[in-house]
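In: Quick one: sequence and predicted model below, then my questions.
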Amino acid sequence: MSVPTLKIALVEPFFSGSHQRWAEELKRYSRHQIDLLPLPGRSWKWRMHGAAVTLANELMSRDTQYDLILATDMLDFAVFLALVRSRYAKTPTAVYLHENQLCYPWSPRDADVKKSRDLHYAFINYTTALAADKVYYNSQYHRDAFTAALPEFLDRYPDHRNKRTIAEIENKSVVLPLGMDLKAFDAFKPTSPQPNKTPLLLWNHRWEYDKNPKGFCKLLFELAKRNVDFEVALLGDRFDEEPEYFAHARKKLGRRIISYGRADSFEDYAKWLWRADILPVTSRQDFFGGSVVEAIYCGCHPILPRRLAYPDHISPIENPQNYFENLTQAADRIEELIKSRQWIQPSEHSTVMARYDWSQCIEAYDETLYCSSTT
């Protein structure tokens, strides 16, 4: 289907990491004219409070009249739309949910959790979804989890819970899987790969609570206790502080850890992914799991919890060997994989992940955006 070219304002209050890559790549690959309205990716709580005012002023200052306003989840979209209504009251709108605060596992050390102020950020996500004409989710899991969490969330309030709005949100919800520039990894794929002498396990996620570094390290310690032969590369962005368990693992596992900390460049990161053999994942939350998809695309054998977004990528019914219910079973899966020596060959799921490359999904994006502009 050939669709007309639209002028789209993409409002991104947290222009960093995967949010930034998605926005820049959508702009690059889409047939539509996509203009970015970004703010630096820091102070996420303040972005959810204050970005609406700043970015509404930015939109109103631009000469371009847009056919569609597309925002992401770290924006109080209802406030934003109120501030631009004099010019954009009749313009179609959509929001893309990379994550949501109803389902996000907050660190128990966060003061807002202790004071129940965390509920306010979930309420912003709720009113954002309510205010938008269309709501896009990066996975089917994410769509289901968000709408399933709303009844209990609204029950927290004393009256006028407006539960009919849940059906309103469901009726305008669309699954639009995350587009990724996976082909960028191909330039660094070894032409004559030599198998590792020792299986290399990989961590390539953020060093934060929701990715469960504690559980990952417990899994490594269990494998070491079983005298399983392995090495590990601990990649990924460090944020506020070094996880206690990573520091402990560094001392306890010693020479088994052959890389520790963020890769210096994309080339370095890509080479580590092509080199790694096994990807054990212990995350508490993944609404899509971009780092997991990247590693599988580069040939890593995934060992995944049977929950979150992972069954959207690989069927647990057809591939039970890739899933676990607890850390003991995860250790069993890895031990079996290593003993069978199947880890030497790239994962059979590698080519399946290519469906998330922009070359495979940009047409669906462009059609979806066009359809959203005509409703």
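Out: Yep, it's here.
In: Ranking helices and strands of the protein by mean pLDDT, which lands last?
Out: Between all helices and strands in the chain, the lowest mean by mean pLDDT, DSSP states H and E belongs to helix 111-114, at a mean of 59.
In: Now do the longest helix seen in the chain: distance to the chain's middle.
Out: In the chain, taking DSSP state H as the definition, the longest helix is helix 44-61. Relative to the centre of its chain, helix 44-61 is centred 22 Å away, using C-alpha atoms, centre = their mean, to the nearest Å.
In: packing partners for that helix?
Out: Using 3 or more C-beta pairs under 8 Å, 6 or more residues apart in numbering; DSSP states H and E as the contact test, the elements touching helix 44-61 are strand 7-15, strand 33-40, helix 77-83, helix 118-131. In short, each C-beta sits where N, CA and C put it, glycine included.
In: Kindly recompute the last result at 10 Å.
Out: Contact here means 3 or more C-beta pairs under 10 Å, 6 or more residues apart in numbering; DSSP states H and E; on that basis helix 44-61 packs against strand 7-15, strand 33-40, strand 68-72, helix 77-83, helix 85-88, helix 118-131.
In: Please identify which of the ones you listed is closest to Y209.
Out: Closest approach to Y209 among the helices and strands packed on helix 44-61 is made by helix 118-131 (13.1 Å; C-beta to C-beta).
In: Taking their axis directions, that closest one and strand 68-72 sit at what angle?
Out: Counting by axes from the mean of the first three to the mean of the last three C-alpha atoms, to 10 degrees, helix 118-131 lies at 160 degrees to strand 68-72.
In: packing partners for helix 118-131?
Out: So helix 118-131, by 3+ C-beta pairs under 10 Å, 6+ apart, packs with helix 44-61, strand 68-72, helix 77-83, strand 93-97, helix 111-114, strand 134-137, helix 140-154, helix 164-171.
In: Mean neighbour count and distance to K211 for these - can I get that in TSV?
Out: Formatted as TSV, the helices and strands packed on helix 118-131 follow (neighbours: other C-beta atoms under 10 Å; distance: least, C-beta to C-beta, whole Å):
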stretch	mean neighbour count	distance to K211
helix 44-61	17	16
strand 68-72	24	20
helix 77-83	20	27
strand 93-97	22	19
helix 111-114	11	18
strand 134-137	24	20
helix 140-154	18	16
helix 164-171	13	28
